[in-house]
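Participant: turn this into a model:
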Amino acid sequence: MIQLVSLADGPLTIDANPTPRPAGGGSCGGGTGSKGAQENNAGRTGNGGFSADQMSILLEHVSASTSALPSPRVKKAATSTPPILGGATNMEITLATYREWSDNPHLGDVQGKDMTLRTARAIYRSLYWNPLRADALASGGVDLSVFDMGVNASIWRSARLLQQALGFSGEEVAGSIGPVSLAAADRFDARILVNNLANRQTAYYRSLANFSIFGTGWLRRTNARREAALAMIQSEAAVVA
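Facilitator: Residues are numbered from 1 along each chain as shown. Just a heads-up that it's a prediction; the model follows:
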């Protein structure tokens, strides 16, 4: 397992393999169901990386982190001041995550402190950005919404929320993003889709048993995510105009 500190709300635990396989759900490269069966890595591709604007927004989220609220994925008793798991952090990436990602268990606090922006980008890209096909989503605002939710609540959860926001139902909500989901996202108005996503993300957080304890932070993060995404869409529209 890898431990990583979410961008604004504290530590979470993810599989070392960044493709979760929960019961009834698919990986981010495959899926089941009428649309889910078509969701594979064939077809549309992207450049597999962050743009300068996207990384800038990511790091703004990191630098603005002032709470230690846990991700919904943390399986531990809630406390008023939960510890940051996984050791020292840099750009909200724990030393434990850095060791796991680099396949070097001997990395120490000094190496973690000296971790470069290039390495941080690679970690976020490989664990979240690429599995979520964020580079292939049409709008910068949509990709930010999907990516940031993936960091906080798992790539599988974020993919499912995107598919639900796109109008998928039943087995179509496979928790995998492929050509079908990407084509559906292309047909959506980006602003409407970002707002749909934010509403569904909010509903997900509210459904959690420990929402009364950590909900304020989760909703603050969701609002910041929505505002940043809408600002990106507005900026893209201004460039096109």
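Participant: longest single helix anywhere in this protein?
Facilitator: helix 211-240 (DSSP state H).
Participant: now do the buried residues in it.
Facilitator: 214, 217-219, 221-222, 224-226, 228-230, 232-233, 236 (16 or more other CB atoms under 10 Å). Yep, even glycine has a C-beta here, placed from its N, CA and C like the rest.
Participant: and the least confident of the residues you listed?
Facilitator: Within the set of the buried residues of helix 211-240, pLDDT is lowest for residue 236 (79).
Participant: isn't it right next to residue 143, touching?
Facilitator: No: Residue 236 is beyond contact range of residue 143, at 11.2 Å (criterion: CB atoms under 8 Å).
Participant: where in this protein is pLDDT low?
Facilitator: 1-88, 92, 241 (pLDDT under 70).
Participant: burial measure for residue 203, as a count.
Facilitator: Neighbours of residue 203 under the rule other CB atoms under 10 Å: 11.
Participant: use 591 as the first number from now on
Facilitator: Taking 591 as the first residue, the last one we looked at is residue 793.
Participant: host element of it?
Facilitator: helix 780-796 (DSSP states H and E).
Participant: try residue 767
Facilitator: Here residue 767 is assigned to no helix or strand, by DSSP H and E.
Participant: spit out the contact partners of residue 757.
Facilitator: Neighbouring residues of residue 757 by CB atoms under 8 Å, 6 or more residues apart in numbering: residue 774.
Participant: what about it, distance to residue 775?
Facilitator: Going from residue 757 to residue 775 by CB to CB, to the nearest Å gives 11 Å.
Participant: list the buried residues for stretch 761-773?
Facilitator: So for stretch 761-773, counting by 16+ other CB under 10 Å, buried means 762, 763, 764, 765, 766, 767, 768, 769, 770, 771, 772.
Participant: restrict that stretch to CA atoms and write it as CSV.
Facilitator: Extracted in CSV, the C-alpha atoms of stretch 761-773 (Å, rounded to 0.1, in the frame of the first residue of the first chain):
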residue,chain,number,x,y,z
GLU,A,761,-23.6,-1.2,-15.4
GLU,A,762,-22.6,1.8,-17.5
VAL,A,763,-21.1,3.3,-14.3
ALA,A,764,-18.0,1.1,-14.5
GLY,A,765,-15.5,3.2,-12.7
SER,A,766,-13.3,3.3,-15.8
ILE,A,767,-12.7,6.1,-18.2
GLY,A,768,-12.2,5.2,-21.9
PRO,A,769,-13.4,6.3,-25.3
VAL,A,770,-17.1,6.2,-24.4
SER,A,771,-16.8,8.4,-21.4
LEU,A,772,-14.4,10.7,-23.2
ALA,A,773,-16.8,11.1,-26.1
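Participant: who touches the helix holding residue 793?
Facilitator: Contacts for helix 780-796 (CB under 8 Å, 6+ apart): 662, 728-729, 731-732, 735-736, 739, 743, 747, 751-752, 754-756, 775, 801, 805, 808-809, 812-813, 815-816, 819-820, 823.
Participant: could I get the full set of helices for the protein?
Facilitator: Using DSSP H, helices in the chain cover 642-653, 685-692, 699-703, 707-714, 730-743, 745-755, 769-777, 780-796, 801-830.
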